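Participant: 3D, please:
(one chain, ligands or ions: 1)
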Amino acid sequence: METGSLEDRVALVTGAGRGIGRAIARRLAREGAFVLVNYNGSRERAMEAVEEIRREGGQAEAIGCDVSDYEACRSMAEEIIGKYGHIDILVNNAGITRDNLILRMTEEEYDQVLDTNLKGAFHTIRHFSRYFLKQKGGKIINISSVSGIMGNGGQANYAASKAGMIGLTKSVARELASRGICVNAVAPGFIETEMTEAMPGKARESLQEKIPMGRSGRAEDVAGLVAFLAGDAADYITGQVIAVDGGMCM
Ligand code: NAD
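Facilitator: Have a look, this model is predicted:
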(Lines give C-alpha, C1' and ligand atoms only; values in the text may rest on other atoms or scores of the structure.)
Protein backbone atom coordinates (compact mmCIF):
# COMPACT_ATOMS: atom_id res chain seq x y z
CA MET A 1 0.00 0.00 0.00
CA GLU A 2 1.65 3.19 -1.17
CA THR A 3 -1.02 5.78 -1.45
CA GLY A 4 0.79 9.11 -1.36
CA SER A 5 -1.35 9.74 1.69
CA LEU A 6 1.44 11.55 3.53
CA GLU A 7 1.89 14.31 0.97
CA ASP A 8 2.78 17.71 2.47
CA ARG A 9 3.68 16.10 5.81
CA VAL A 10 7.07 16.68 7.39
CA ALA A 11 8.46 13.63 9.19
CA LEU A 12 11.50 13.26 11.43
CA VAL A 13 12.90 9.76 11.91
CA THR A 14 15.66 9.51 14.51
CA GLY A 15 18.59 7.16 13.91
CA ALA A 16 17.53 6.73 10.29
CA GLY A 17 20.91 6.18 8.62
CA ARG A 18 20.50 2.42 8.63
CA GLY A 19 18.35 -0.51 9.70
CA ILE A 20 14.74 -0.08 10.76
CA GLY A 21 15.01 3.73 10.82
CA ARG A 22 16.18 3.83 7.21
CA ALA A 23 13.35 1.51 6.13
CA ILE A 24 10.85 3.76 7.94
CA ALA A 25 12.30 6.89 6.32
CA ARG A 26 12.10 5.30 2.85
CA ARG A 27 8.56 4.11 3.40
CA LEU A 28 7.29 7.47 4.69
CA ALA A 29 8.93 9.18 1.70
CA ARG A 30 7.29 6.71 -0.70
CA GLU A 31 3.96 7.71 0.86
CA GLY A 32 4.76 11.33 -0.01
CA ALA A 33 6.23 12.75 3.21
CA PHE A 34 9.22 15.08 3.28
CA VAL A 35 11.57 13.08 5.50
CA LEU A 36 14.29 14.32 7.81
CA VAL A 37 16.82 11.56 8.26
CA ASN A 38 18.38 12.07 11.68
CA TYR A 39 21.81 10.65 12.44
CA ASN A 40 24.34 10.88 15.21
CA GLY A 41 27.37 8.86 14.11
CA SER A 42 27.76 8.57 10.37
CA ARG A 43 26.64 11.43 8.11
CA GLU A 44 27.73 9.24 5.20
CA ARG A 45 25.15 6.55 6.02
CA ALA A 46 22.46 9.20 6.48
CA MET A 47 23.33 10.71 3.09
CA GLU A 48 23.12 7.22 1.54
CA ALA A 49 19.58 6.96 2.93
CA VAL A 50 18.74 10.44 1.59
CA GLU A 51 20.12 9.55 -1.87
CA GLU A 52 18.18 6.28 -1.86
CA ILE A 53 14.95 8.17 -1.09
CA ARG A 54 15.66 10.74 -3.81
CA ARG A 55 16.35 7.98 -6.36
CA GLU A 56 12.93 6.56 -5.51
CA GLY A 57 11.37 9.96 -6.27
CA GLY A 58 10.99 11.06 -2.64
CA GLN A 59 12.16 14.10 -0.73
CA ALA A 60 14.59 13.96 2.17
CA GLU A 61 17.36 15.81 4.00
CA ALA A 62 19.83 14.61 6.62
CA ILE A 63 19.93 16.26 10.03
CA GLY A 64 22.60 15.54 12.65
CA CYS A 65 21.71 15.41 16.35
CA ASP A 66 22.56 13.21 19.31
CA VAL A 67 19.13 12.44 20.74
CA SER A 68 20.59 11.80 24.19
CA ASP A 69 21.46 15.53 24.37
CA TYR A 70 18.53 17.63 25.64
CA GLU A 71 19.79 20.96 24.28
CA ALA A 72 20.80 19.47 20.91
CA CYS A 73 17.23 18.18 20.51
CA ARG A 74 15.89 21.63 21.30
CA SER A 75 18.10 23.12 18.56
CA MET A 76 17.05 20.39 16.11
CA ALA A 77 13.37 21.14 16.76
CA GLU A 78 13.92 24.89 16.30
CA GLU A 79 15.92 24.30 13.11
CA ILE A 80 13.22 22.04 11.61
CA ILE A 81 10.36 24.41 12.44
CA GLY A 82 12.45 27.38 11.21
CA LYS A 83 13.17 25.70 7.86
CA TYR A 84 10.03 23.70 7.13
CA GLY A 85 7.39 25.52 9.18
CA HIS A 86 5.81 22.44 10.73
CA ILE A 87 6.31 18.89 11.92
CA ASP A 88 3.64 16.24 11.39
CA ILE A 89 5.28 12.90 12.16
CA LEU A 90 7.93 12.15 14.79
CA VAL A 91 9.38 8.63 14.87
CA ASN A 92 11.63 7.91 17.85
CA ASN A 93 13.69 5.07 16.43
CA ALA A 94 17.27 5.78 17.59
CA GLY A 95 18.43 3.05 19.92
CA ILE A 96 21.45 1.16 21.17
CA THR A 97 22.20 -2.03 23.08
CA ARG A 98 24.91 -2.67 25.68
CA ASP A 99 23.99 -6.24 26.64
CA ASN A 100 25.35 -7.85 29.79
CA LEU A 101 24.16 -10.04 32.64
CA ILE A 102 22.93 -7.99 35.59
CA LEU A 103 25.82 -9.11 37.83
CA ARG A 104 28.31 -7.74 35.30
CA MET A 105 26.42 -4.75 33.96
CA THR A 106 28.27 -1.50 34.57
CA GLU A 107 26.58 1.73 35.55
CA GLU A 108 27.88 3.19 32.28
CA GLU A 109 26.23 0.44 30.21
CA TYR A 110 22.96 1.03 32.02
CA ASP A 111 23.09 4.81 31.70
CA GLN A 112 24.13 4.89 28.03
CA VAL A 113 21.17 2.72 27.01
CA LEU A 114 18.64 4.64 29.10
CA ASP A 115 20.04 8.00 27.95
CA THR A 116 19.70 7.15 24.26
CA ASN A 117 16.61 4.96 24.11
CA LEU A 118 14.37 6.45 26.77
CA LYS A 119 15.64 9.96 27.47
CA GLY A 120 16.20 10.45 23.74
CA ALA A 121 12.49 9.89 23.11
CA PHE A 122 11.63 12.21 26.01
CA HIS A 123 13.90 14.92 24.58
CA THR A 124 12.34 14.95 21.12
CA ILE A 125 8.78 14.68 22.44
CA ARG A 126 9.47 17.44 24.97
CA HIS A 127 10.75 19.85 22.32
CA PHE A 128 8.34 19.01 19.48
CA SER A 129 5.14 18.80 21.57
CA ARG A 130 4.61 22.57 21.60
CA TYR A 131 4.53 22.60 17.79
CA PHE A 132 2.20 19.60 17.62
CA LEU A 133 -0.06 21.38 20.14
CA LYS A 134 -0.08 24.61 18.12
CA GLN A 135 -0.95 22.64 14.98
CA LYS A 136 -3.63 20.65 16.84
CA GLY A 137 -2.52 17.42 15.26
CA GLY A 138 0.32 15.07 14.53
CA LYS A 139 1.63 11.57 15.01
CA ILE A 140 4.30 10.44 17.45
CA ILE A 141 5.51 6.86 17.03
CA ASN A 142 7.97 5.36 19.49
CA ILE A 143 9.96 2.27 18.52
CA SER A 144 9.95 0.11 21.63
CA SER A 145 10.66 -3.65 21.62
CA VAL A 146 9.17 -6.96 22.67
CA SER A 147 12.02 -6.96 25.22
CA GLY A 148 10.19 -4.13 26.96
CA ILE A 149 7.05 -6.27 27.19
CA MET A 150 8.50 -9.72 27.96
CA GLY A 151 11.93 -8.86 29.41
CA ASN A 152 15.07 -10.52 28.07
CA GLY A 153 17.99 -12.06 29.96
CA GLY A 154 21.17 -10.06 29.36
CA GLN A 155 19.19 -6.95 28.44
CA ALA A 156 18.03 -5.48 31.76
CA ASN A 157 19.10 -1.98 30.65
CA TYR A 158 17.58 -2.30 27.17
CA ALA A 159 14.32 -3.90 28.39
CA ALA A 160 13.98 -1.20 31.08
CA SER A 161 14.43 1.52 28.45
CA LYS A 162 11.91 -0.07 26.09
CA ALA A 163 9.36 -0.69 28.88
CA GLY A 164 9.90 2.93 29.90
CA MET A 165 9.05 4.01 26.36
CA ILE A 166 5.70 2.28 26.71
CA GLY A 167 4.88 4.25 29.89
CA LEU A 168 6.07 7.42 28.18
CA THR A 169 3.88 6.67 25.14
CA LYS A 170 0.72 6.06 27.16
CA SER A 171 1.21 9.09 29.41
CA VAL A 172 1.92 11.49 26.55
CA ALA A 173 -0.97 9.96 24.57
CA ARG A 174 -3.30 10.86 27.45
CA GLU A 175 -1.92 14.41 27.66
CA LEU A 176 -2.16 15.16 23.95
CA ALA A 177 -5.26 13.19 22.89
CA SER A 178 -7.73 16.07 23.27
CA ARG A 179 -5.68 18.07 20.74
CA GLY A 180 -5.87 15.39 18.05
CA ILE A 181 -2.29 14.17 18.53
CA CYS A 182 -1.82 10.40 18.44
CA VAL A 183 1.04 8.74 20.31
CA ASN A 184 1.69 5.04 19.82
CA ALA A 185 4.46 2.51 20.35
CA VAL A 186 5.61 -0.18 17.95
CA ALA A 187 7.32 -3.21 19.47
CA PRO A 188 9.44 -5.09 16.94
CA GLY A 189 10.44 -8.67 17.68
CA PHE A 190 13.54 -10.12 16.05
CA ILE A 191 14.32 -8.03 12.97
CA GLU A 192 17.37 -8.61 10.72
CA THR A 193 19.55 -5.49 11.03
CA GLU A 194 23.13 -4.63 12.00
CA MET A 195 21.94 -4.53 15.63
CA THR A 196 20.85 -8.19 15.59
CA GLU A 197 23.75 -9.24 13.33
CA ALA A 198 26.02 -8.48 16.27
CA MET A 199 24.33 -11.21 18.38
CA PRO A 200 26.14 -14.52 18.87
CA GLY A 201 24.83 -17.30 16.56
CA LYS A 202 23.45 -19.39 19.45
CA ALA A 203 21.43 -16.51 20.88
CA ARG A 204 19.99 -15.78 17.41
CA GLU A 205 18.98 -19.42 16.93
CA SER A 206 17.31 -19.71 20.32
CA LEU A 207 15.40 -16.47 19.68
CA GLN A 208 14.25 -17.64 16.25
CA GLU A 209 12.90 -20.85 17.79
CA LYS A 210 10.55 -18.71 19.90
CA ILE A 211 8.89 -17.10 16.87
CA PRO A 212 5.60 -18.85 16.00
CA MET A 213 5.96 -17.74 12.37
CA GLY A 214 9.35 -19.45 12.30
CA ARG A 215 11.39 -16.63 10.81
CA SER A 216 12.91 -13.32 11.73
CA GLY A 217 11.32 -10.11 10.45
CA ARG A 218 12.53 -7.48 8.01
CA ALA A 219 12.91 -3.76 8.66
CA GLU A 220 10.19 -3.21 6.02
CA ASP A 221 7.73 -5.18 8.18
CA VAL A 222 8.12 -2.54 10.89
CA ALA A 223 8.08 0.34 8.40
CA GLY A 224 4.67 -0.75 7.05
CA LEU A 225 3.05 -0.41 10.47
CA VAL A 226 4.74 2.92 11.14
CA ALA A 227 3.45 4.28 7.81
CA PHE A 228 -0.06 3.17 8.74
CA LEU A 229 0.13 4.79 12.19
CA ALA A 230 1.49 7.98 10.60
CA GLY A 231 -1.45 8.28 8.21
CA ASP A 232 -5.03 9.49 8.48
CA ALA A 233 -6.37 5.91 8.69
CA ALA A 234 -4.95 5.79 12.23
CA ASP A 235 -6.47 9.08 13.45
CA TYR A 236 -8.50 7.31 16.17
CA ILE A 237 -5.68 5.08 17.45
CA THR A 238 -3.66 6.36 20.40
CA GLY A 239 -1.82 5.02 23.45
CA GLN A 240 -1.37 1.59 21.86
CA VAL A 241 1.57 -0.79 21.78
CA ILE A 242 1.57 -2.90 18.62
CA ALA A 243 4.03 -5.75 18.20
CA VAL A 244 5.57 -6.66 14.83
CA ASP A 245 7.09 -9.95 15.86
CA GLY A 246 5.71 -12.96 13.97
CA GLY A 247 3.62 -13.83 17.03
CA MET A 248 6.47 -13.94 19.56
CA CYS A 249 4.63 -12.04 22.22
CA MET A 250 0.91 -12.79 22.44
P1 NAD B 1 20.60 -0.14 14.28
O2 NAD B 1 21.70 -0.23 15.29
O3 NAD B 1 20.86 -0.64 12.91
O4 NAD B 1 20.07 1.35 14.17
C5 NAD B 1 19.99 2.23 15.26
C6 NAD B 1 20.23 3.62 14.75
O7 NAD B 1 20.15 4.55 15.84
C8 NAD B 1 21.65 3.79 14.14
O9 NAD B 1 21.56 4.45 12.91
C10 NAD B 1 22.37 4.65 15.18
O11 NAD B 1 23.38 5.48 14.60
C12 NAD B 1 21.22 5.49 15.72
N13 NAD B 1 21.54 6.10 17.02
C14 NAD B 1 22.10 5.49 18.10
N15 NAD B 1 22.30 6.38 19.06
C16 NAD B 1 21.85 7.58 18.60
C17 NAD B 1 21.78 8.89 19.15
N18 NAD B 1 22.23 9.14 20.38
N19 NAD B 1 21.24 9.88 18.41
C20 NAD B 1 20.78 9.63 17.14
N21 NAD B 1 20.85 8.42 16.56
C22 NAD B 1 21.36 7.40 17.29
O23 NAD B 1 19.38 -0.89 14.96
P24 NAD B 1 17.93 -1.31 14.40
O25 NAD B 1 17.83 -2.76 14.54
O26 NAD B 1 17.64 -0.65 13.10
O27 NAD B 1 17.02 -0.66 15.54
C28 NAD B 1 16.21 0.49 15.37
C29 NAD B 1 15.29 0.62 16.57
O30 NAD B 1 14.46 -0.55 16.65
C31 NAD B 1 16.04 0.70 17.90
O32 NAD B 1 15.37 1.57 18.78
C33 NAD B 1 15.95 -0.72 18.41
O34 NAD B 1 16.07 -0.78 19.81
C35 NAD B 1 14.58 -1.12 17.93
N36 NAD B 1 14.38 -2.56 17.85
C37 NAD B 1 15.12 -3.33 17.00
C38 NAD B 1 14.90 -4.70 16.96
C39 NAD B 1 15.64 -5.63 16.05
O40 NAD B 1 15.43 -6.85 16.13
N41 NAD B 1 16.51 -5.14 15.17
C42 NAD B 1 13.93 -5.27 17.79
C43 NAD B 1 13.19 -4.46 18.63
C44 NAD B 1 13.42 -3.10 18.66
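Participant: make it CA atoms for all contacts and neighbour counts henceforth
Facilitator: Will do.
Participant: ok, now which ones touch the residue positioned nearest the centre of the chain?
Facilitator: When CA atoms, centre = their mean is applied to the chain, the residue found nearest the centroid is residue 93 (2.2 Å). Counting by CA atoms under 8 Å, 6 or more residues apart in numbering, residue 93 touches 13-16, 20-21, 142-143.
Participant: Quick one: name the residues of the chain near the ligand.
Facilitator: Within reach of the ligand by CA under 6 Å from any ligand atom, the chain has these residues: 14-21, 39-41, 65-68, 93-96, 116, 143-145, 188-196.
Participant: gap between the two ends of stretch 76-94?
Facilitator: One end of stretch 76-94 sits 15 Å from the other (CA to CA, to the nearest Å).
Participant: Poorly predicted segments of the protein, please.
Facilitator: 1-4 (pLDDT under 70).
Participant: and if we set it to 90?
Facilitator: For the chain, the stretches with pLDDT under 90 are 1-4, 195-208.
Participant: For it, which segments are assigned as strands?
Facilitator: Along the chain, counting by DSSP state E, strands occupy 10-13, 34-39, 59-64, 89-92, 138-143, 181-188, 241-244.
Participant: Make JSON lines out of the ones you listed and add mean neighbour count and distance to residue 153.
Facilitator: Converted to JSON lines, the strands of the chain look like this (neighbours: other CA atoms under 10 Å; distance: least, CA to CA, whole Å):
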{"stretch": "strand 10-13", "mean neighbour count": "26", "distance to residue 153": "29"}
{"stretch": "strand 34-39", "mean neighbour count": "26", "distance to residue 153": "29"}
{"stretch": "strand 59-64", "mean neighbour count": "21", "distance to residue 153": "33"}
{"stretch": "strand 89-92", "mean neighbour count": "27", "distance to residue 153": "24"}
{"stretch": "strand 138-143", "mean neighbour count": "27", "distance to residue 153": "20"}
{"stretch": "strand 181-188", "mean neighbour count": "26", "distance to residue 153": "17"}
{"stretch": "strand 241-244", "mean neighbour count": "20", "distance to residue 153": "19"}
